[in-house]
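Engineer: Predicted model and sequence below, questions to follow.
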Amino acid sequence: MSVNAMQFEQAAGLMNGILSDATGAGGTQITNLGEYVTVGTTLLQMAKDPILRALNQMFQRTVIGVRPYDEILTGMEVNNEAYGSIVRKLNWLDKTMDNDHGYPINPVLTADPADIKDGVSVDMYVQNKDAVVQTNFYGANVFSDWRTIYDDQLKSAFTSPAGMSEFWAGSAMVMNNKLKQVRENQKRVALNNLIGGRIAQAAANQNTECVIDVLAAYKAATGNATITAANWQSAAEIKDFVPWLYGFLNTLLGYMRNRSMLYHTQLSLDNVAGRGIDQNKVLGLMRQTSPRDARVYLLSEIANQIDSQVMPSTYHYDLLRFTDYERIDFWQSITDPGSLTVTPTYLNASGGLETAEEAVEEEHVIGVIFDRDAAGISVFDEGTYSTPYNARGRYYNQWYHETVRFWNDFTENSVVLVMR
């Protein structure tokens, strides 16, 4: 992944790798299931078409084995007007308030106030400069894909033009589904770097409020001493834990909608040094995330328990209904849904980028709540292009290209929920 480098990175290897993780493509095991299940085979004892060598010739009926794919994490994609090329983001640091110089300052009133007396003017032209810090987003990743469309070499595999049209429609849908899944996993890249960055910061005692061990919070709130990441779904624990967690999420959303210095990376005052700004008057960077601007993504095993045990009776009262609330089946690998292993890059207080010295490994990530501006992807320069017809080979190619940026903004609110 390109991290704020003014260059384009080839992302095909990354896309192939995360797709392999997401789909479990490392290998398929079928053990004794053939005794009970009709298993589709790639071996058919008939002649194949001469080009793809996968379609049997002149079969009676063809079923197109593809359907549209519904991608997830749709709330993380923004248009290229927001984050499309080199973009700067202007952030204002709050400063302290001043006294009202139109009223006496001395509360005892035993002497003339310093500002309200003969021969003294109250200066209304004292300057108070904005403490603005600029953060920059640049660099991007590029990749391409293509398919070959043949002229009439596949006619022997179909009984009618309609059948071959269905085949090419299915081919186009497969490509579209593949690109949707690639887009989905690009969002996972952005989301997982945000999660890993927050965990790395907390491990270094930075922004510790941005990583919450929900089991530790539950124990502190209730006095429970028996719940663990291994037994929280047991009959003895789940009936009390899940309703508490549901209430805790709403409380956290309530905290995050208040304008404060919590839940995001504070920029050092060195960022405003040398600009004629009184650093003693600078408070820091304030952020707020209203429920409508929040993204709440919960691991499905947690979300499903909330849906079944809590939502039916209380959903209409809570803040979650105003958010982009989505269940996530897995963070990184479909074979190990709750775990995350990533070497993140994140923003440090000085305003520079820092990469974790070693991979962050978290066994039970159950959710993340973040502002819509904290993480996402932007796709631009995308297009589909057809080559001229190859007269000798009797085919043409369709190429798809896109440029994508996976972005994180650690100065925006985000909280990672874990079980330890």
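Structural biologist: Looks like it arrived, so ask away.

Engineer: Let me see the mean pLDDT of the longest helix anywhere in the chain.
Structural biologist: Counting residues, the longest helix found in the chain (DSSP state H) is helix 161-203. Confidence over helix 161-203 (mean pLDDT, whole number) is 85.

Engineer: Tell me the helix or strand right after it.
Structural biologist: strand 211-213 (DSSP states H and E).

Engineer: Identify all contacting residues around that following strand.
Structural biologist: 198-199, 201-202, 252, 415-420 (CB atoms under 8 Å, 6 or more residues apart in numbering). Just so you know, the C-beta spots here come from the backbone N, C-alpha and C atoms, and that holds for glycine as well.

Engineer: by contact count, what packs against the next helix or strand after it?
Structural biologist: For strand 211-213, the following helix or strand on the C-terminal side (DSSP H and E) is helix 214-222. In terms of contacts (3 or more CB pairs under 8 Å, 6 or more residues apart in numbering; DSSP states H and E), helix 214-222 is packed against helix 235-256.

Engineer: Just the C-alphas of the helix it packs on, formatted as PDB.
Structural biologist: Taking Å, rounded to 0.1, in the frame of the first residue of the first chain, the C-alpha atoms of helix 235-256 are listed here in PDB:
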ATOM      1  CA  ALA A 235     -25.500 -19.700  28.900                       C
ATOM      2  CA  ALA A 236     -24.200 -18.400  32.200                       C
ATOM      3  CA  GLU A 237     -22.600 -15.200  30.600                       C
ATOM      4  CA  ILE A 238     -24.400 -14.200  27.400                       C
ATOM      5  CA  LYS A 239     -27.700 -13.300  28.900                       C
ATOM      6  CA  ASP A 240     -26.200 -10.500  30.900                       C
ATOM      7  CA  PHE A 241     -23.200  -9.600  28.800                       C
ATOM      8  CA  VAL A 242     -24.900  -8.900  25.400                       C
ATOM      9  CA  PRO A 243     -27.500  -6.400  26.800                       C
ATOM     10  CA  TRP A 244     -24.800  -4.600  28.700                       C
ATOM     11  CA  LEU A 245     -22.600  -4.400  25.600                       C
ATOM     12  CA  TYR A 246     -25.500  -3.000  23.600                       C
ATOM     13  CA  GLY A 247     -26.000  -0.300  26.200                       C
ATOM     14  CA  PHE A 248     -22.300   0.300  26.300                       C
ATOM     15  CA  LEU A 249     -22.200   0.900  22.500                       C
ATOM     16  CA  ASN A 250     -24.900   3.500  22.800                       C
ATOM     17  CA  THR A 251     -23.200   5.200  25.600                       C
ATOM     18  CA  LEU A 252     -19.900   5.300  23.600                       C
ATOM     19  CA  LEU A 253     -21.800   6.800  20.600                       C
ATOM     20  CA  GLY A 254     -23.200   9.400  23.000                       C
ATOM     21  CA  TYR A 255     -19.700  10.300  24.200                       C
ATOM     22  CA  MET A 256     -18.300  10.500  20.600                       C
END
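
Engineer: quick one: buried residues of that helix?
Structural biologist: 237-238, 241-246, 248-249, 252-253, 256 (16 or more other CB atoms under 10 Å).

Engineer: Strand partners (parallel or antiparallel) of the next helix or strand after it?
Structural biologist: Counting by DSSP H and E, the element after helix 235-256 in chain order, helix or strand, is strand 282-285. Applying DSSP bridges to the sheet, strand 282-285 is found paired with strand 87-95 (antiparallel).

Engineer: Contacts for the partner strand next, please.
Structural biologist: 128, 130-138, 267, 269, 272, 281-286, 409, 411.

Engineer: Mind checking what helix or strand follows it in sequence?
Structural biologist: Next along from strand 87-95, by DSSP H and E: strand 131-137.

Engineer: Can you tell me which helices and strands that next one packs against?
Structural biologist: strand 87-95.

Engineer: How far away from the center of its chain is the strand it packs on?
Structural biologist: Averaging C-alpha positions (CA atoms, centre = their mean, to the nearest Å) puts strand 87-95 22 Å from its chain's average.

Engineer: Let me know the average pLDDT across that strand.
Structural biologist: Strand 87-95 comes out at a mean pLDDT of 75.

Engineer: Using CSV, write out every CA atom in it.
Structural biologist: C-alpha atoms of strand 87-95 as CSV (Å, rounded to 0.1, in the frame of the first residue of the first chain):
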residue,chain,number,x,y,z
VAL,A,87,-5.6,16.7,-1.1
ARG,A,88,-5.0,18.9,1.9
LYS,A,89,-7.2,18.9,5.0
LEU,A,90,-7.3,21.9,7.2
ASN,A,91,-7.7,21.3,11.0
TRP,A,92,-8.3,24.0,13.5
LEU,A,93,-6.9,23.7,17.1
ASP,A,94,-9.1,25.2,19.8
LYS,A,95,-7.8,28.1,21.8
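
Engineer: Which of the contacts of strand 211-213 ranks first by neighbour count?
Structural biologist: Arg198 (30 neighbours; other CB atoms under 10 Å).

Engineer: what about that one, distance to Asn91?
Structural biologist: Distance, Arg198 to Asn91, by CB to CB, to the nearest Å: 19 Å.

Engineer: got it, and Gly284?
Structural biologist: Gly284 is 11 Å from Asn91, by CB to CB.

Engineer: hmm, back to that, pull out the buried members of the contacts of strand 87-95.
Structural biologist: Counted by 16+ other CB under 10 Å, the contacts of strand 87-95 give 131, 133, 135, 137-138, 267, 269, 272, 282, 285-286, 409, 411 as buried.

Engineer: is it possible to export those residues to CSV including pLDDT and distance to Thr226?
Structural biologist: Shown next, in CSV, are those (pLDDT from 0 to 100; distance: CB to CB, whole Å):
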residue, pLDDT, distance to Thr226
Ala131, 77, 49
Val133, 74, 47
Thr135, 72, 45
Phe137, 68, 46
Tyr138, 61, 50
Leu267, 81, 42
Leu269, 79, 46
Val272, 73, 50
Val282, 81, 47
Leu285, 87, 40
Met286, 91, 40
Asp409, 88, 39
Thr411, 89, 39
